[in-house]
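> What follows is a predicted structure for the sequence shown.
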Amino acid sequence: MDFQVVVLAGGTSKKLAPLVSKDVPKSLLPVANRPVLSYVLELLEQSNLKDLIVVVEGEDTDGLVENWISEAYVDRLHVQVASVPEEVGTAGALRAIAHHLTASDILVVSGDLVCDISPGAVAAAHRRHDAVVTAMLCSVPVSGTQDSASSGGKDKTKKPGKFNIVGLDLTQQFLLYIAAGIDVEKDLRVQKNILRAVGKMEIRADLMDAHLYAFKRSVLQQVLNQKQSFRSLKQDVVPYLVKSQLRSEILFNGGAQVEENGNEKDAFSNNKVMLSQLLANASTPSFHELYALGPNGFAPSERKTHKCCVYIASKNTYCARLNSIQAFSDINRDVIGDASHLSRCSFSVHNNVIHPSAVLGLKTTVGPQCMLGEGSQMGDKCSVKRSVIGRHCRIGSNVKVVNSVIMNHVTIGDGCSIQGSVISSNVQLQERAVLKDCQIGAGFVVTAGSEYKGESLARK
Amino acid sequence: MVAKKGAKAGGASEDAVEDLARVPLQAILLADSFTTKFRPITLECPKVLLPLVNTPMIDYTLAWLESADVEEVFVFCCSHSKQIINYLDKSKWTNQPNFSVTTIESQNCISAGDALRLIYERNVIQGDFILVSGDTVSNMMLTQALQEHKERRKKDNNAVMTMVIKQSKPSQITRQTRLGTDELIMAIDPTTKQLLYYEDKADDSKQTLTLDKSFLSENPSLSLLNDKQDCYIDICSPEVLSLFTDNFDYQHLRRHFVKGLLVDDIMGYKIFTHEIHSSYAARIDNFRSYDSVSKDIIQRWTYPLVPDVQFSINNPTKLERHGIYRASNITQSRSSQVGPFTYIGIDTVIGNNTVISNSVIGDGCKIGSNVAIDGCYIWHNVTIQDGCKLRHAILCDGVVMKPGAVLEPGVVLSYKVIVGQEFVVPSYSKVSLLPQPVKQDSDEELEYADSNTEVIVTTNPLENGDSTNNIGSDIGENGRGVIWSISEVDHEEEWRHSVSPIPDSKLIELTQLVNEDLEVLIQDDQFLPIDVRESDTESDGDVRDESQHFEKEVEATFLRGVNENVKEEHIILEVNSLRLSYNMASENCASALFYSMMKLALDNSRNLGQDLVKCTNDVVSKWGKLLRPYLQGVDDEIEVIMKFEEICLESGKEYAPLFVKVLHFLYDKDIIQEEAILNWANEKEDADESDKVFVKQAEKFIQWLNEASEEED
């Protein structure tokens, strides 16, 4: 497939502090004991998309990411790592690496995506409609809906980023309206001319933009060049393309891509050709084509349209983005729980994964939906429930770990209790420390007997 | 129809078993559309009696209601009520078993709202009822819609109305449906079919549709529809009538009532929709829908309400091939041609070499030789002499066209008009014997003039033919009738609602217009994404706007109070109502009022040249009491101090040096308690240096307060 993939791996997101740092960029945060970026890369590999550009924000971290990729995927993927300055936004990142892009279509994936939806299907939908942009939407993940169900309508004000408001046509193939969830707070503004052209629009608030887009390269680059103020793909570029779909500015100004869009040019320049093509084509024309033709098949002036498509993942797929601490915990829990097929690990009869080299003390129980990494040791009478424990951790006796993520090389003293917390690498927990709903940054030392609840701790 | 009645009886008994306290199914038929779209014809005859394929419209509506198991119909007559009552007395409807037609007459109703209020007063409606107007043509069965309505009512007493809608995509260019009604945009909950948004008469200047976000917080999805047509068939609960009575300003069923209910979320009344797919329903709202519905009837979409089925006292008619309907006793020359989809009434004479197509010709017409008629609606006893040419026109009873007269598309000739020899009536002309009412209708399109027109009708030239002399003969030699003048604005829009198809040139013109609109839109859009980002960064922009508005309103209220010496309690009452409408907290009221006072004091001192401290003292001592109800806690008072800081920094820099003085004064006046001042100082302790300017100023005062409180301890 002539698709080039751009993986936007991000940098050290502030939202994920204290878990991320210069040493651990967001893309290398572990999900079930392997970096989150590996989920995307393997997903792409499965779809036979092997020509990748990984874009990292910030100078410091690209080495780390590059090292890790070349180590892990040296003979499997063709990966280029590029770094862009921080705070340029997703559109800025693509602008910065424009010279690397050569293929006719570009697939842009967020590096923090954990899902089992084939990007190949998105690419195919994109090609099938000859769209300028195809966005992947998925139903709000189970954990999200549970939350919103429990607290009712108020929940939406709490987590506006999670929801998108999208307008779809009846066949659910075309994107007619898109707004970030944050706009839920305001009124929706739907363009009437699009509604007029399509007749019936379905507006949904239960779909999440997975931040996986297929773009026509020429169009994407043209938009990025023309609209220097655009910073974000999601907030600027995609909404712009959606809004202008019935009055496309893209295909006819700038002769640079005539050779690439030659087919379309012909089709648009001669309505009769178009009409005959449509008649020959047994499938019903999309509203774009009908609109371009004008009423009764005559258009006094040519109309340029372009198509914005969506690929809606079926309900039983898993899709989540690691863009908050809550999401980090949720995804870790899901990958060893409900969405265990993503972890690529074989689960034992007790529905957990314990590395053969891990050592468990007497009367220590590791419950279902748990993962224990390579070389980790646990003392006596410990109990682990629904948690991930990384590599080479040393855990004392009488330790309780519930609903938590413990990264690598963590030392936990006797009698500690950890609930709903995330503990970064190289943290030391002295005896009888009690943590509930805390996030501990790398290398932090929790003193003996201390108790924390709902706090975020990091080394100063 | 006989078979229908059998079915109906069966259905009724089933219902009776189901529901012991069964009330007969009732319908309200509004025999007045309260518009002026069918003028000049409606000056002489009520709209519901106008023939539609040779049968008065009201017969279609009544026949449908009867077949849909309605048992009692209340026909509400307003304009020309006597004609309607006389017609119904003579018709078969008044003596049907299981179907009663009662007329309710009124002379002074000017809208559907008035009509429904009057019906409410009469207290005749006992249960759910069907609300239609007398110009509805439909063959839908109401059973399913009624059942849905009743089931919803059982669950939710607020579901007061079910609207019937039907697929009909408006043209993107003219933005109207084939019935000539404006495009309609609705938002419907796809699962419950609840109507959430209704916009007809779309404002073209707005390129976007604004939907309230709260729709989506309740439902995960909603359907925006632009391809539906409102059939104006409503299944209503009795509450609808009382709602009209409660809201005496509701006039129009859709514009006021439906929109009113959708906007009003206090009472929580809900409107639902029922979409019909295979049956027919349409309302004749204007000349274009008259044309479209006539064609639908001839092409049998409305079966069984078609000319060859006797559903009223219409004449027996035979259907021939190519959709030609012929009544009996027609005299037709061998050389004449009658084209497809044409209706020819009883006793009509057609001369040599005459060509007729796609037209309806009523009873007793005399059509000469070499006449060309296409797409015309010719009513009864019309005489068309040799060589006339007619395209897409309506000719009322008794019209005479002298030889060689030509009607261009879209002409309407009212009763007994005579078109002179070889006269060409220009497109979209409306010709009547009656003079055009001088008073042009208000924008509400209500037929206010109806009671006046009664007067005109009595002196109508139908009876005294000699009044011809008075009427200008601007309709050719020996012609009779006045071409109504059309105002420039209306003329532009005349094509929209005419019987004639929209000319291609108009379509092209409009298409270009649409494209230009789009171009503008895209240009606007270039700025839009930036706005989006801005609003992302300060998502409280709206809130800020709101509070600014609120502040302004409060200030205006306060100033009015000062200038007009309004009583304090009244000002407080007004501020309270503002507070409710803007959803503000008491601290917002306090700070807004305080701001208004400070501003007043500042203005006074500027205008009068007095000392600012004195002015402030005056104002605060006079109006300070207003703040009391809003200063319920320390926090509210702190808010006032902060507001004062803001004033000193921004709008009233004059106050800056006087900060402590005024603060002290507020303390003396017991407006601000010492606790609030101390708390405020504490709060500011961690603030930036720039924020602490006033705390520093007030340092001594605070110290004094501290000491005082310690002494007390």
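Thanks, I have the structure now.
> got a list of what residue 362 touches?
This is for chain A. With contact taken as C-beta atoms under 8 Å, 6 or more residues apart in numbering or on different chains, A:Leu362 is in contact with A:380-381. C-beta: built from backbone N, CA, C; applies to glycine.
> not quite, I wanted chain B
B:Gly362 makes contacts with B:51, B:54, B:345, B:348, B:378-382, B:397, as judged by C-beta under 8 Å, 6+ apart.
> how does it look with 6 Å?
With contacts defined as C-beta atoms under 6 Å, 6 or more residues apart in numbering or on different chains, the neighbours of B:Gly362 are B:54, B:345, B:378-380.
> Mark which of these are part of strands, please.
The subset of the contacts of B:Gly362 located in strands under the criterion DSSP state E comprises B:Ile378.
> pLDDT-wise, what's the bottom of the contacts of B:Gly362?
Across the contacts of B:Gly362, the member with the lowest pLDDT is B:Asn54, scoring 87.
> Isn't it up against B:Gly345?
Yes: here B:Asn54 reaches B:Gly345: they are 5.4 Å apart, a contact under C-beta atoms under 6 Å.
> Below-threshold pLDDT in the stretch 151-300 of chain A: ranges please.
Along the stretch 151-300 of chain A, the model assigns pLDDT under 70 to residues A:151-163, A:181-186, A:248-300.
> Tell me which stretches of it form helices.
Listed in chain order, the helices of the stretch 151-300 of chain A (DSSP state H, counting those that start in this stretch) span A:155-158, A:192-198, A:217-226, A:238-243, A:262-269, A:271-280, A:287-293.
> how about B:Tyr325, phi and psi?
Its backbone dihedrals place B:Tyr325 at phi -110, psi 130, with angles given as degrees, to the nearest 10.
> no, scratch that, I was asking about B:Thr191
Torsion angles at B:Thr191 (phi, psi; degrees, to the nearest 10) stand at phi -90, psi -50.
> same check, this time on B:Leu88
With angles defined as degrees, to the nearest 10, B:Leu88 sits at phi -60, psi -40.
> For burial, what's the neighbour tally of it?
B:Leu88 is flanked by 23 other residues according to other C-beta atoms under 10 Å in any protein chain shown.
> Packing partners of the host helix or strand of A:Ile331?
Applying DSSP states H and E as the criterion places A:Ile331 in helix A:325-335. Using 3 or more C-beta pairs under 6 Å, 6 or more residues apart in numbering or on different chains; DSSP states H and E as the contact criterion, the secondary-structure elements in contact with helix A:325-335 are strand A:30-31.
> next SSE after the strand it packs on?
Under the assignment DSSP H and E, the closest C-terminal helix or strand after strand A:30-31 is strand A:34-35.
> average model confidence for that following strand?
The average of the pLDDT scores along strand A:34-35 is 88.
> how about the strands of the stretch 1-150 of chain A, start to end?
In order along the chain, the stretch 1-150 of chain A carries the following strands (DSSP state E, counting those that start in this stretch): A:3-10, A:30-31, A:34-35, A:51-57, A:78-84, A:105-110, A:113-115, A:133-139.
> er, the stretch 101-250 of chain B I mean
Going by DSSP E, counting those that start in this stretch, the stretch 101-250 of chain B shows strands at B:129-133, B:136-138, B:159-167, B:185-188, B:195-199, B:208-211, B:221-225, B:228-236.
> The first one to strand B:159-167, inter-axis angle?
Computed with axes from the mean of the first three to the mean of the last three C-alpha atoms, to 10 degrees, the direction of strand B:129-133 lies at 50 degrees from that of strand B:159-167.
> and for stretch B:407-418, what are the contacting residues?
Judged by C-beta under 6 Å, 6+ apart, the contacts made with stretch B:407-418 from elsewhere in the structure are B:40-41, B:44, B:390-400, B:425-433, B:479-481, B:498, B:500.
> Pick out the shakiest of the strands of the stretch 101-250 of chain B, pLDDT-wise.
The stretch with the lowest mean pLDDT among these is strand B:208-211, which comes in at a mean of 77.
> So which elements touch that one?
Under the contact criterion of 3+ C-beta pairs under 6 Å, 6+ apart, strand B:208-211 touches strand A:188-191.
> Quickly run through the sheet partners of the strand it packs on, with directions.
strand B:208-211 (antiparallel) (DSSP bridges).
> Show me which positions of the strand it pairs with end up buried.
By neighbour count on 16 or more other C-beta atoms under 10 Å in any protein chain shown, the buried set for strand B:208-211 is B:208-209, B:211.
> Just the C-alphas of that strand, formatted as CSV.
What follows is strand B:208-211, C-alpha atoms only, in CSV (Å, rounded to 0.1, in the frame of the first residue of the first chain):
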residue,chain,number,x,y,z
THR,B,208,-25.0,27.8,10.4
LEU,B,209,-27.6,26.2,12.6
THR,B,210,-27.2,26.7,16.3
LEU,B,211,-28.2,23.8,18.5
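> So which residues make contact with that strand?
Here strand B:208-211 has contacts from A:187-192, using C-beta under 6 Å, 6+ apart.
> Just the closest of those residues to A:Pro368, please.
Using C-beta to C-beta, A:Leu188 is the member of the contacts of strand B:208-211 that lies nearest A:Pro368, at 43.6 Å.
> The closest one: neighbour count?
A:Leu188, neighbours per other C-beta under 10 Å, totals 23.
> Of all residues in chain A, which one is nearest the centre?
A:Leu113 (3.0 Å; C-alpha atoms, centre = their mean).
> can you tell if the longest strand along chain A touches chain B?
When chain A is scanned for its longest strand (criterion: DSSP E), the result is strand A:200-216. Yes: judged by C-beta under 6 Å from any C-beta of the partner chain, strand A:200-216 comes into contact with chain B through A:200-206.
> And the contacts of that strand?
Contacts of strand A:200-216 from elsewhere in the structure, counted by C-beta under 6 Å, 6+ apart, are A:105-110, A:122-123, A:126, A:132-138, A:140, A:163-168, A:170, A:176, A:195, A:319, B:216, B:220-225, B:227.
> Among those residues, name the buried ones.
Among these, those classed as buried by neighbour count (16+ other C-beta under 10 Å) are A:105-110, A:122-123, A:126, A:132-138, A:140, A:163-168, A:176, A:195, A:319, B:216, B:220-225, B:227.
> if I look at B:Ala592, how far off is B:Leu559?
The gap separating B:Ala592 from B:Leu559 is 12 Å, by C-beta to C-beta, to the nearest Å.
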